[in-house]
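Student: Whatever this is, show me its structure:
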Amino acid sequence: MELIRENKEKHRATYFCGDRYRKVWTNTTPKWISDHVQLLKEQVPNYVLDFGNNWIDYKIIEGTPASKFPQTPEFIERIYDFCLDNVTEILPYVHGDWTLSNMIIDGDKITMCDWDNLGIYPMDEVYDKLHRDLLSSFGDPFLKYME
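Tutor: Below you'll find the model as predicted:
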């Protein structure tokens, strides 16, 4: 296993395991893991490959993270439209973490990954968080797009 990312504040680490990614938590319960896996299986079929008491193995999504693309006005519009569609697609649940590194682009297809925040939230909070995430990702060009 190769450590990809570690978030000490959130007590988790992500590893590359050849044919999958493994996320390991050091501060969660087996019940949270099993409940989260059940929800993922319902909302994002075939994404979870396996799990244990404090880890989940995820399918590798083919493509390139959206964070690697030029941030043109057209790209901002494409990402924003995708996010809005993604919100309505899985209601009453939402992804909850719309950073560019959580969007994988393969040709015309965009796929979300890293579903740790999957849940049900008030819609005003959902759209507020979506806009904050995209503003953080794009900065002023996102503000100009929203005008």
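Student: got the buried residues for the lowest-mean-pLDDT helix or strand in the chain?
Tutor: Here the helix or strand of the chain ranked lowest by mean pLDDT, DSSP states H and E is helix 140-146, holding a mean of 90. Across helix 140-146, burial judged by 16 or more other CB atoms under 10 Å covers residue 142. From N, CA and C alone the C-beta is placed, and that goes for glycine too.
Student: go on, stretch 30-39?
Tutor: So, applying 16+ other CB under 10 Å, buried residues of stretch 30-39: 33, 36, 39.
Student: Save these as TSV, and put in distance to residue 121 too.
Tutor: Shown next, in TSV, are those (distance: CB to CB, whole Å):
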residue	distance to residue 121
33	21
36	15
39	14
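Student: ok, which stretches of this protein are helices?
Tutor: With helices called from DSSP state H, the chain shows them at 30-43, 73-89, 123-138, 140-146.
Student: what's the angle between the first one and helix 73-89?
Tutor: Put plainly, it is helix 30-43. Computed with axes from the mean of the first three to the mean of the last three CA atoms, to 10 degrees, the direction of helix 30-43 lies at 110 degrees from that of helix 73-89.
Student: I'd like the helices of the chain written out as CSV, with distance to residue 51 added.
Tutor: Formatted as CSV, the helices of the chain follow (distance: least, CB to CB, whole Å):
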stretch, distance to residue 51
helix 30-43, 5
helix 73-89, 24
helix 123-138, 26
helix 140-146, 35
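Student: what's the least confident stretch among those helices?
Tutor: Note on the helices of the chain: helix 140-146 shows the lowest mean pLDDT, a mean of 90.
Student: Mind giving me the packing neighbours of it?
Tutor: Packing partners of helix 140-146 (3 or more CB pairs under 8 Å, 6 or more residues apart in numbering; DSSP states H and E): helix 73-89, helix 123-138.
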